[in-house]
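Participant: Quick check, what structure comes out for this input:
(chains A, B, C and D)
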2 protein chains.
Amino acid sequence: MLSKKCKYAIHALVYLAERYDQGPVQIEEISKKQHIPHKFLEAILLELRHAEILESKKGKGGGYFLVKKPSEVNLMQVMRLIDGPIALLPCVSLHFYDRCEECKNEKTCGIRDSLTVVRDETLRVLEQSTLAKILKREKQLAQK
Amino acid sequence: MLSKKCKYAIHALVYLAERYDQGPVQIEEISKKQHIPHKFLEAILLELRHAEILESKKGKGGGYFLVKKPSEVNLMQVMRLIDGPIALLPCVSLHFYDRCEECKNEKTCGIRDSLTVVRDETLRVLEQSTLAKILKREKQLAQK
DNA sequence: CATTTAATCTATTGAATTAGTAGGCTTTTA
DNA sequence: TAAAAGCCTACTAATTCAATAGATTAAATG
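Facilitator: Residues are numbered from 1 along each chain as shown, chains lettered A, B, ... in the order given. This is a model prediction of the structure:
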């Protein structure tokens, strides 16, 4: 399951995507509208800035804004950044590979196969889920 | 990621699948061969017994054995039993549904769509991953 | 140039979950 | 009836997750 932190990150990003190219949005505003604890959100946005997804401006009229286009930010990136591996086993992870202590020898472990397929299918879907698509979907759903 | 407990459970089950219909296997044997702490394994096997995947025999010559055929036990069942939900969000889970506090209203949340697809793809693969298939795969890999 | 605003950074804390242990109890077999 | 083996309850240690506190730095404005 996704951590709360990751859910907060996604909601904050969708919120910023909706205001793309409209100047900085303050932490306080996002915090209130999305019901995310201010200080916690602060840390999350900082991480997203370090990952060069967001940029910030200090001082009056400052805040955070997307540097990438909403169509260029997807759930795969965000989840990897905030929660780490997407694969279900470390020995099957692309970005966080680590050998499994549990299977004595990786070469003959019969479990890895299936979990590699799960990983690939998951990545495929998450990579296609961009902020732009999520936003579009929300607008569709709101109209009904 | 899967918990260690879940990995232990899977390895223990594959071990028992290899000895299907050959009488009870003692905790101690599985513990040693699969490098799983004895007492922890005890708790895991008990859970699998309560789920009617395993059965046990007490006293001398006792131990654990599969009651279901290796082709009837799959990773979907085991993961749900040991780790809980397979979906990435509670509001998208089939067996552990719970509303997300984070999205104020589920009806218009644009994230759920993608994660429903991820869930379905994942379940499809995990359901097909039976102990029989895993065992077969391990034997293939061992030969090379 | 001082004040205010808002992000930055470091450090700490509390709660929950995960991993594992201890020890006595019960059942079965020989 | 003694030994073997699983059953059950309770506890503890370690790690991760969620959140907070407070001092610092940078930008805008009058």
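
Participant: how about low-confidence regions in chain A?
Facilitator: Chain A contains no residues with pLDDT under 70.

Participant: Spell out which residues make up each domain of it.
Facilitator: Domain assignment for chain A by automatic domain parsing gives A:4-66, A:75-128.

Participant: how about the ones you listed in TSV, adding mean neighbour count and distance to residue B:141?
Facilitator: Using the backbone N, CA and C atoms, a C-beta is placed for each residue, glycine as well. Listed next are those as TSV, based on neighbours: other Cβ atoms under 10 Å in any protein chain shown; distance: least, Cβ to Cβ, whole Å:
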stretch	mean neighbour count	distance to residue B:141
domain A:4-66	17	35
domain A:75-128	18	4
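
Participant: Turn these into CSV, columns for distance to DNA strand C.
Facilitator: Below are the domains of chain A laid out as CSV (distance: least, Cβ to the nearest atom of the strand, whole Å):
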stretch, distance to DNA strand C
domain A:4-66, 4
domain A:75-128, 9
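
Participant: and residue B:83, which of these is closest to it?
Facilitator: domain A:75-128 (9.4 Å; Cβ to Cβ).

Participant: Would that closest one count as contacting chain B?
Facilitator: Yes - against chain B, domain A:75-128 shows contacts by Cβ under 8 Å from any Cβ of the partner chain at A:75, A:85, A:87-90, A:100-104, A:107-111, A:113-114, A:117-118, A:121-122, A:125-126, A:128.

Participant: got the end-to-end distance for that domain?
Facilitator: From its first residue to its last, domain A:75-128 covers 8 Å (Cα to Cα, to the nearest Å).

Participant: can you check stretch A:84-94 too?
Facilitator: End-to-end distance for stretch A:84-94: 11 Å, by Cα to Cα.

Participant: Stretch A:74-92 now?
Facilitator: End-to-end span of stretch A:74-92 (Cα to Cα): 21 Å.

Participant: Pick out the residue in chain A sitting closest to DNA strand D.
Facilitator: DNA strand D sits closest to residue A:59 of chain A, with a gap of 2.8 Å, by Cβ to the nearest atom of the strand.

Participant: ok, that residue to chain B distance?
Facilitator: Counting by Cβ to the nearest Cβ, to the nearest Å, the gap from residue A:59 to chain B is 30 Å.

Participant: Centroid-nearest residue for chain A?
Facilitator: Central residue of chain A (Cα atoms, centre = their mean): residue A:78, 1.9 Å from the mean position.

Participant: what packs against the helix or strand harbouring that residue?
Facilitator: Following DSSP states H and E, one finds residue A:78 within helix A:75-83. In terms of contacts (3 or more Cβ pairs under 8 Å, 6 or more residues apart in numbering or on different chains; DSSP states H and E), helix A:75-83 is packed against helix A:4-18, helix A:38-50, helix A:112-128.

Participant: May I see those helices arranged in JSON lines, with distance to residue B:23 as well?
Facilitator: Output for these, formatted as JSON lines (distance: least, Cβ to Cβ, whole Å):
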{"stretch": "helix A:4-18", "distance to residue B:23": "47"}
{"stretch": "helix A:38-50", "distance to residue B:23": "54"}
{"stretch": "helix A:112-128", "distance to residue B:23": "29"}
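
Participant: between those, which gets nearest to residue B:55?
Facilitator: With Cβ to Cβ as the criterion, residue B:55 lies closest to helix A:112-128 of the helices and strands packed on helix A:75-83, at 25.7 Å.

Participant: who's in contact with residue A:9?
Facilitator: By Cβ atoms under 8 Å, 6 or more residues apart in numbering or on different chains, the contact set of residue A:9 is A:44, A:47, A:48, A:78, A:81, A:82.

Participant: ok now do the second one, which residues does it touch?
Facilitator: It refers to residue A:47. A:9, A:81, A:82.

Participant: any idea how far residue A:2 is from the first one?
Facilitator: Put plainly, it is residue A:9. Separation of residue A:9 from residue A:2 (Cβ to Cβ, to the nearest Å): 9 Å.

Participant: Please apply the same query to the second one.
Facilitator: Distance of residue A:81 to residue A:2, computed by Cβ to Cβ: 12 Å.

Participant: can you check the last one too?
Facilitator: Residue A:82 sits 8 Å away from residue A:2, taking Cβ to Cβ as the criterion.
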